[in-house]
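Engineer: here's my sequence, what's the structure:
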Amino acid sequence: MKLAIMQPTYLPWAGYFALMDSVDRFVFLDDVEFSKQSWQQRNRIKGSAGELWLTIPVKDKDKRQLIKDVLIDNTQDWQKKHLLSIKANYSRSSFFDKYIGPLEKIYSGKFDRLCDFNMKIITWAKKELGIKTTIKISSELGLGNADKVERLITICKAMKCDEYISPQGSREYIEENNLFPKENIKLAYQEFTHPKYNQLFGEFMPFLGVIDLLFNMGEESLSIIRSGNK
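Structural biologist: Reported below is the predicted structural model:
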């Protein structure tokens, strides 16, 4: 039984969904510290002038916050602005009509917590891509406050998984304290090369939010994602 664990980020890129698709169970890691101006609250789409950043405003706190506790600053009309940017830049894409309705419904909803909005977008994209992986939320597992590698081990055990697939970005801290062999849990690192596909506005731009792939390639999106796996 394979497991992957990732923070719920805003409009994740294709590699995020490649990791999700490669495992049996996937956990949203929402009970670790929030990093402001990270992928948790911002990502890119592609426009006629190049990359365009979309950032969700959040309420500032003096103290450190867990991802699950971060509140959106809804005094700013960010949802309307993001949706208008998406419409303006993808209205000529091949599958705009297929996806804009459901996206508009999500962006028109009321969300107080950042992670709730991110998870709504991710689970919608997961369904549209056709990924069948089971999803859980770490804060709902009641596993205490273990840190870093110990936390990953604890989640693996709780989810009854004997193989953990890690994103490459976690390799350094895992290898500093690799407890997986001791716990008889197989460890592997995701090997993913971003595939190219047809985009609007000239030269291909990788690492965009997954909606770029969906709007341009529709039902082919999952096979394109899978083509990047090694």
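Engineer: which SS class is Glu51?
Structural biologist: Using DSSP: H, G, I helix; E, B strand; the rest coil, the structure places Glu51 in strand.
Engineer: same thing with Leu222?
Structural biologist: helix.
Engineer: pretty sure it sits against Ile131.
Structural biologist: Yes. Using CB atoms under 8 Å, Leu222 makes contact with Ile131 at a distance of 6.9 Å. (C-beta placed from N, C-alpha, C; glycine too.)
Engineer: from the contact counts, what lies against the top helix by length along the chain?
Structural biologist: What stands out as the longest helix in the chain, according to DSSP state H, is helix 114-129. Where contact means 3 or more CB pairs under 8 Å, 6 or more residues apart in numbering; DSSP states H and E, helix 114-129 is packed against helix 14-21, strand 25-28, helix 96-107, strand 134-137, helix 210-217, helix 221-226.
Engineer: identify the residues contacting that helix?
Structural biologist: The contact list for helix 114-129 (CB atoms under 8 Å, 6 or more residues apart in numbering) reads 8-12, 16-17, 20-21, 28, 30, 34, 40-41, 56, 58, 67-68, 70-72, 99, 102-103, 106, 109, 111, 133, 135, 137, 210-211, 214, 221-222, 225.
Engineer: tell me the angle that helix makes with helix 96-107.
Structural biologist: 160 degrees (axes from the mean of the first three to the mean of the last three CA atoms, to 10 degrees).
Engineer: in helix 114-129, what counts as buried?
Structural biologist: 114-115, 117-119, 121-122, 124-126, 128-129 (16 or more other CB atoms under 10 Å).
Engineer: Provide the secondary structure category for the residue nearest the centre of the chain.
Structural biologist: The structure's the chain has its C-alpha centroid closest to Pro12; by CA atoms, centre = their mean the separation is 3.7 Å. Look at Pro12: counting by three-state DSSP, its state is coil.
Engineer: and it, how far from Ser223?
Structural biologist: According to CB to CB, to the nearest Å, Pro12 and Ser223 sit 18 Å apart.
Engineer: can you give me the end-to-end span of stretch 81-101?
Structural biologist: 16 Å (CA to CA, to the nearest Å).
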